[in-house]
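Undergrad: can you look at this prediction? I've put the sequence above it.
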Amino acid sequence: MPSYKLTYFNGRGRAEISRLIFAAAGQKYEDIRIEREQWPALKPKTPLGQMPVLEVDGVELPQSAAIARFLAKQFHLAGKDNLEQAEVDAVIDTISDINTAWPASSSDEALKKKFLTEDLAKHLQNLETLGKLYGKGGHFFVGNQLTWADLRFYTFGQTCIEAAPDCLNNFSWLEQNRAEVEKQPKIAEYLKNRPKTSF
Amino acid sequence: KNSIQTTLMPSYKLSYFNGRGVGEVSRLIFAAAGQKYEDVRYEVDQWPAYKAEMPLGQMPVLEVDGIKLPQSAAIARFLAKQFHLAGKDNFEQAKVDAVVDTIYDTYKAWAPSRFGEDPVKKEALSKKFFGEELPKQLQNLETLGKLYGNGGHFFVGNQLTWADLFFHTITETLLGINADCLNNFPWLKQNRAEVEKQPKIAEYLKNRSKTEL
């Protein structure tokens, strides 16, 4: 049994997807949360000067998507064959595109508002399109079972809703998808007990 | 082709622009694997007529036995796994993914300097990218190559993976703009040379048309 250590800030951000995968799998791991003041001293010790970092039996892996995909494959939450895994990856990349397009750290409030009121809906429509294309008529994004695509959308959806509470009002399939994730017993338990953080 | 062959051998159709961009890594994977596929290329003015056929109105799209897959990284990773160019086990595949993600970060950092609207702004962005951001990313990539490369010239595990192919095509574009940009990174230069030495890749590169992007 490999030993897993995940290091990130004390927040959801780019690490929560991996924490949700560990939770869904019922897998123990070291959940290291770094305060902002501790980070400058730690930064040069990480492979790319970034977090999250996953340490597996002493070997370090950077890049949040690479980490999450590795864990998803370890715990059979990645899709049941190569093509399903590719469909899951396509959903993941589409969510990542939304993060790239979202000017979240901009000081231009008008620009941020424009994104939330005009652009976000187009991106969410793309996600519903993929869910209906790959979901085999069910509530999960791919292949009628939970994958890390659903867990990733779950945590991303929380960020959207916190920024724009009605953002999913016109996307009932996406709302239902999040509800299905929340219903999973190990996820429900994790969500109940996890630290409440601002990001 | 009899019906058993058709069932066992998937048919592949890749649709993209007539250029390298983020689609070329998949063409390189097909070439390295010696795998035939339909290489559909649209000129920029033809593309709008086909946009509605693509799941997200974007390219590249890979059609595999009638199923359409968008997103260049998902496509390339799928193909790399089909043809054993993704890393030999889950952890090696994760190392390959980490390298690929770092190359994508480099590409995304470069893109505004090439694809924006304002030429003055683009010039400033380009200077900042080549002067500051690119050296940082290249250092990160060398770090990963030395961490995961088992002492060899390839990024992961001492054998060719799609991380090496992706690095080759993205840096092809950057070298076209600034021919000296890898001068301080001999490991990365050697990695590109190793890719070019692979017989099937050498053949493919010899016959491929030169495009700016």
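TA: Received it, and whenever you're ready, just let me know what you need. Residues are numbered from 1 along each chain as shown, chains lettered A, B, ... in the order given.

Undergrad: close to chain A: what parts of chain B are there?
TA: Counting by CB under 8 Å from any CB of the partner chain, the residues of chain B close to chain A are B:55-56, B:64, B:67-71, B:73-75, B:77-78, B:81-82, B:90-91, B:93-95, B:97-98, B:100-102, B:108, B:140, B:143-144, B:147. Backbone N, C-alpha and C define where each C-beta goes, glycine included.

Undergrad: now residue 145: which helix or strand?
TA: Assuming you mean chain A. In the assignment (DSSP states H and E), A:Q145 maps to no helix and no strand.

Undergrad: actually it's chain B I care about, not the one you picked
TA: For B:G145, the host element (DSSP H and E) is helix B:134-148.

Undergrad: chain A: strands as residue ranges?
TA: Along chain A, the segments classed as strands by DSSP state E run A:4-9, A:30-34, A:53-56, A:59-62.

Undergrad: so for A:K112, which of the ones you listed sits nearest?
TA: strand A:4-9 (21.6 Å; CB to CB).

Undergrad: partner strands of the closest one and their direction?
TA: strand A:30-34 (parallel), strand A:53-56 (antiparallel) (DSSP bridges).

Undergrad: please spell out which residues along it are buried.
TA: Of all the residues in strand A:4-9, those buried under the rule 16 or more other CB atoms under 10 Å in any protein chain shown are A:4, A:6-9.

Undergrad: would you mind naming what in chain A lies close to chain B?
TA: Within chain A, the positions near chain B by CB under 8 Å from any CB are A:47-49, A:56, A:59-63, A:65-67, A:69-70, A:73-74, A:82-83, A:85-87, A:89-90, A:92-94, A:100, A:126, A:129-130, A:133.

Undergrad: now with 7 Å?
TA: Taking CB under 7 Å from any CB of the partner chain, the part of chain A that reaches chain B is made up of A:47-48, A:56, A:61-63, A:65-66, A:69-70, A:73-74, A:82-83, A:86-87, A:89-90, A:93-94, A:100, A:126, A:129-130, A:133.

Undergrad: now a PyMOL select for only the buried ones of those.
TA: PyMOL command restricting those to the buried ones, with burial defined by 16+ other CB under 10 Å:
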select buried, chain A and resi 47+48+56+61+62+63+65+66+69+70+73+74+83+86+87+89+90+93+94+126+129+130+133
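
Undergrad: where does the record place the domain boundaries for the chain?
TA: Reading this off chain A. Here the domain parsing of chain A from the TED database is A:4-75+A:186-193, A:82-183.

Undergrad: sorry, I should have been clearer: chain B.
TA: Annotated domains of chain B cover B:12-84+B:203-207, B:90-197 [the TED database].

Undergrad: a markdown table for those, including mean neighbour count and mean pLDDT?
TA: What follows is the domains of chain B, written out as a markdown table (neighbours: other CB atoms under 10 Å in any protein chain shown; pLDDT from 0 to 100):
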| stretch | mean neighbour count | mean pLDDT |
| --- | --- | --- |
| domain B:12-84+B:203-207 | 18 | 97 |
| domain B:90-197 | 18 | 97 |
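
Undergrad: closest to A:P165 out of those domains?
TA: Ranking these by proximity to A:P165 (CB to CB) places domain B:12-84+B:203-207 first, at 25.9 Å.

Undergrad: re earlier: what's the closest of the domains of chain A to B:P10?
TA: Closest of those to B:P10 is domain A:82-183, at 8.8 Å (criterion: CB to CB).

Undergrad: just the C-alphas of the helix holding B:G145, formatted as PDB.
TA: Only the C-alpha atoms of helix B:134-148 are listed here, as PDB (Å, rounded to 0.1, in the frame of the first residue of the first chain):
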ATOM      1  CA  LEU B 134       9.900  31.300 -20.700                       C
ATOM      2  CA  PRO B 135      13.200  30.900 -19.000                       C
ATOM      3  CA  LYS B 136      11.300  30.000 -15.700                       C
ATOM      4  CA  GLN B 137       9.100  27.500 -17.500                       C
ATOM      5  CA  LEU B 138      12.100  25.900 -19.300                       C
ATOM      6  CA  GLN B 139      13.900  25.700 -16.000                       C
ATOM      7  CA  ASN B 140      10.900  23.900 -14.600                       C
ATOM      8  CA  LEU B 141      10.900  21.500 -17.500                       C
ATOM      9  CA  GLU B 142      14.600  20.700 -17.200                       C
ATOM     10  CA  THR B 143      13.900  20.100 -13.400                       C
ATOM     11  CA  LEU B 144      11.200  17.600 -14.300                       C
ATOM     12  CA  GLY B 145      13.300  15.900 -17.000                       C
ATOM     13  CA  LYS B 146      16.200  15.400 -14.500                       C
ATOM     14  CA  LEU B 147      13.800  14.300 -11.800                       C
ATOM     15  CA  TYR B 148      11.900  11.700 -13.800                       C
END
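
Undergrad: next secondary structure element downstream of it?
TA: Counting by DSSP H and E, what follows helix B:134-148 is helix B:162-177.

Undergrad: list the contacts of that next one.
TA: Defining contact as CB atoms under 7 Å, 6 or more residues apart in numbering or on different chains, one finds that helix B:162-177 is touched by B:20, B:24-25, B:28-29, B:32, B:76, B:80, B:85-86, B:96, B:99-100, B:103, B:106-107, B:110, B:141, B:154-156, B:181-182, B:191-192, B:195, B:212-213.

Undergrad: the helix or strand just after it packs against which elements?
TA: Moving toward the C-terminus from helix B:162-177, the next helix or strand (DSSP H and E) is helix B:186-197. Packing contacts for helix B:186-197, counted by 3 or more CB pairs under 7 Å, 6 or more residues apart in numbering or on different chains; DSSP states H and E, involve helix B:134-148, helix B:162-177, helix B:199-207.

Undergrad: again, only this time at 6 Å
TA: helix B:134-148, helix B:162-177 (3 or more CB pairs under 6 Å, 6 or more residues apart in numbering or on different chains; DSSP states H and E).
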